[in-house]
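# Provided below are the primary sequence and the corresponding predicted coordinates.
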Amino acid sequence: MACFSATQLHTLLWTSSLNRTSHHFKPNYTYRTPKFLFRQKPLIASFSTSDIEARTETKDSSTATLRELCHGHVPEHVIRRVEEVGYVIPTEVQLLALPFLYSGRDCVLHAQTGSGKTLAYLLQMLSVIDSQRSAVQALIVVPTRELGMQVTKVARTLAAKPSELKSGPKSCTVMALLDGGMLNRHKSWLKAEPPTIVVATMGSLCQMLEKHILKLDSCQVLVVDEVCTKREKNQVLLSLLQVDSPESAIIFVSEQSEKSKKAGNAPPITLLVDFLMSSSGGFSNVSLLEEDMNFNKRAASLSELRGGGGYLLVATDIAARGVDLPETTHIYNFDIPKDAVNYLHRAGRTGRKPFSDKKCFVTSIITVEERFVLQRFENELMFCCEQLFV
Ligand SMILES: Nc1ncnc2c1ncn2[C@@H]1O[C@H](COP(=O)(O)OP(=O)(O)OP(=O)(O)O)[C@@H](O)[C@H]1O
C-alpha cells in the first residue's frame, strides 16, 4: 500500500506589493501584517466530503483518545510508548486519518504543516509491522536530509520500549539512509540485519537499490513525505496568473545547472514555457529570454515586448538587470532568487512608470524549506510579505 503525506504549506506564496512614487529607484513597499490564509481544516483527499462531515460531527470520535483510536490495530506496548512520550489526544488530522489508514487503503494526507501527519503515518506503519521479522517492512521517502533526521528521531522514539517494559517483544529498528550520511556503514548493517523501517532520501535510496544492498520485497508500507512536484508549482503559477490576470508580467526562473545540462535535460525555462502554452485556457503569447539565446534573438524578443503591453515573459536573471519594460505590472519569482540583491533587481523590473498609480506586485512561489530564505531577504531589504495560499 502507499501512503502519501503532503502539506498545504508545501507551496507557499509570499507577495509583497510595490508602490513606486518617486522617479528614482527607491522602492516604497507597502507594509502589511502577514495574513495566514491557509488555516483551513485539514483535508484527507481520499475521504468523501460526507465522510469528513460525519466524523467531525460525531461527538464520540471527536473526543476519542489516541489509545481508543489505536486499540486493536497498534500493539499495546507501542500505545503505552505513545502515551509515555505525551501523545494522548489525537490532532484533527490523526482523528480523521487513522481509522482510514487502518482500513488498509492508500491515502493522501493533505494538511497544514505541524498538524501531526508524521505521527499519523508512523502509527499506521507500527500497526502492520512485525518487529520480530528481520526485513525492511516500511519505507519513508523524504525530500531532504533534515526532514529525514526529524522523521527518524520520531520513529525511533516511538519504536523504543516503554520504560516500565524491560522484557517483552523486540522493538523495531529504524535506519536513516540520507544524502551526506555514512552509506558504507549502513551497507554492512543492511547485510547483517535489515532494519524494519527505512527513512531515505531519493539519492541514497537509489544508490542502495542499484547496488542490490537494500531489498524491498517485504515492504508493506510506502510513505512519500512532503510530496512537492514541479508540476504542483506549475499549477500554483497557473492559478496565480488566472487570478491576477496581469497586464504584463515577468516570470523569473533559475538558470539550468551544468549538471542538468550534461545530463541532457531540457532547460527548466523551456519546460515552463511549454507548460504555459499548452495549459488549458492557455497563454498563446509567451516570450522567452535566457542566456543561451544569441544576441539578435534576445534583442528581437525585447523589442517585440517594448512594442506594447500584454506580454508574459519567462526569463532567467538575465532580464533582472537593465531591462526596461515599463508596462510590467507583475513579477513572479517561480524560483527564488540567489540573494537579496537579485531579489531587488528582479522586483525593480516592475513599477517603472514614475507617475503611474497602477499597483504592481512581486510574488514568490516558495516551498517550506525556502521560507527562511525569503525571511532573510525581508530582513535585509526591510520589507514585509503577505502570505497567500493557493
Ligand atoms: N497527538 C499529539 N499530541 C501532542 N503533540 C503532537 C501530537 N501529534 C503530533 N504532535 C506534535 O506536533 C508537532 C508537529 O507534528 P508533525 O511534525 O507530525 O507535523 P506534520 O504535519 O508532519 O508537519 P510537517 O508538515 O511540517 O512535516 C510535533 O512536535 C509533534 O511532536
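All right, it came through fine. Numbering: from 1, shown residues only.
# For the closest residue in space to residue 142 that isn't next to it in sequence, give me its contacts.
Closest residue to residue 142 apart from its sequence neighbours, by CB to CB, 6 or more residues apart in numbering: residue 148 at 4.3 Å. Yep, even glycine has a C-beta here, placed from its N, CA and C like the rest. By CB atoms under 8 Å, 6 or more residues apart in numbering, residue 148 lies in contact with 142, 176, 178, 199, 200, 201.
# Using neighbour counts, pick out the buried residues of the helix or strand encompassing residue 148.
Using DSSP states H and E, residue 148 falls within helix 145-159. Within helix 145-159, the residues that count as buried by 16 or more other CB atoms under 10 Å are 145, 147, 148, 151, 152, 155, 156, 158, 159.
# Then stretch 159-178?
Quick answer for stretch 159-178 (16+ other CB under 10 Å): 159, 160, 161, 162, 171, 172, 173, 174, 175, 176, 177, 178.
# my read: the fourth one touches residue 81, true?
Yes: between residue 162 and residue 81 a contact is recorded at 4.6 Å, counting by CB atoms under 8 Å.
# Tabulate the buried residues of stretch 159-178 in TSV, adding columns for pLDDT and distance to residue 301.
Listed next are the buried residues of stretch 159-178 as TSV, based on pLDDT from 0 to 100; distance: CB to CB, whole Å:
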residue	pLDDT	distance to residue 301
159	93	57
160	91	61
161	84	66
162	83	66
171	83	62
172	91	58
173	94	57
174	96	53
175	94	51
176	94	48
177	92	46
178	88	43
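# Give the helix, strand or coil label for residue 366.
At residue 366, secondary structure determined by DSSP: H, G, I helix; E, B strand; the rest coil is strand.
# That one touches residue 334, doesn't it?
No: Residue 366 is not in contact with residue 334 according to CB under 8 Å; the separation is 10.1 Å.
# excluding its backbone neighbours, what's nearest residue 175?
Nearest to residue 175 is residue 195, by CB to CB, 6+ apart, at 3.9 Å.
# what pLDDT does the one you found get?
For residue 195, the pLDDT comes out at 94.
# roughly how far apart are residue 333 and residue 233?
11 Å (CB to CB, to the nearest Å).
# Any chance you could list residues touching both of the two?
residue 365.
# quick one, which of those two is more surrounded?
residue 333 (24 against 18; other CB atoms under 10 Å).
# neighbours of the closest residue to that one other than its chain neighbours, just the number please.
Of all residues not flanking residue 333 in the chain, residue 364 sits nearest, at 4.0 Å (CB to CB, 6+ apart). Residue 364 has 25 neighbours, counted by other CB under 10 Å.
# For residue 364, give its distance to residue 267.
From residue 364 to residue 267 the distance is 21 Å (CB to CB).
# now residue 139
32 Å.
# Residue 182 too?
Taken as CB to CB, the span from residue 182 to residue 267 is 35 Å.
# what do you get for residue 98?
From residue 98 to residue 267 the distance is 44 Å (CB to CB).
# likewise residue 86?
49 Å.
# When the two are compared, which one has more neighbours?
Taking other CB under 10 Å, residue 86 and residue 267 do not tie; residue 267 has more neighbours (19 against 6).
# which element follows the helix or strand encompassing residue 95 toward the C-terminus?
For residue 95, the enclosing helix or strand under DSSP H and E is helix 92-102. Tracing the chain past helix 92-102, the next element assigned as helix or strand by DSSP H and E is strand 107-111.
# now that following strand against helix 92-102, angle please.
180 degrees (axes from the mean of the first three to the mean of the last three CA atoms, to 10 degrees).
# what packs against strand 107-111?
Contacts defined by 3 or more CB pairs under 8 Å, 6 or more residues apart in numbering; DSSP states H and E place strand 107-111 against strand 2-7, strand 43-44, helix 92-102, helix 117-128.
# so how far is it off the chain centroid?
Distance of strand 107-111 from its chain centroid, counting by CA atoms, centre = their mean, to the nearest Å, is 13 Å.
# Check stretch 129-140 too.
Distance, centroid of stretch 129-140 to centroid of chain: 27 Å (CA atoms, centre = their mean).
# mind checking how far residue 372 is from residue 317?
The separation that residue 372 has from residue 317, given CB to CB, amounts to 21 Å.
# between the two, which one's more packed in?
residue 317 (18 against 9).
# and the residue lying closest to the more buried one once chain neighbours are set aside, what element?
With CB to CB, 6+ apart as the criterion, residue 317 has its nearest non-adjacent residue at 6.1 Å, and that residue is residue 342. Using DSSP H and E, residue 342 sits in helix 340-347.
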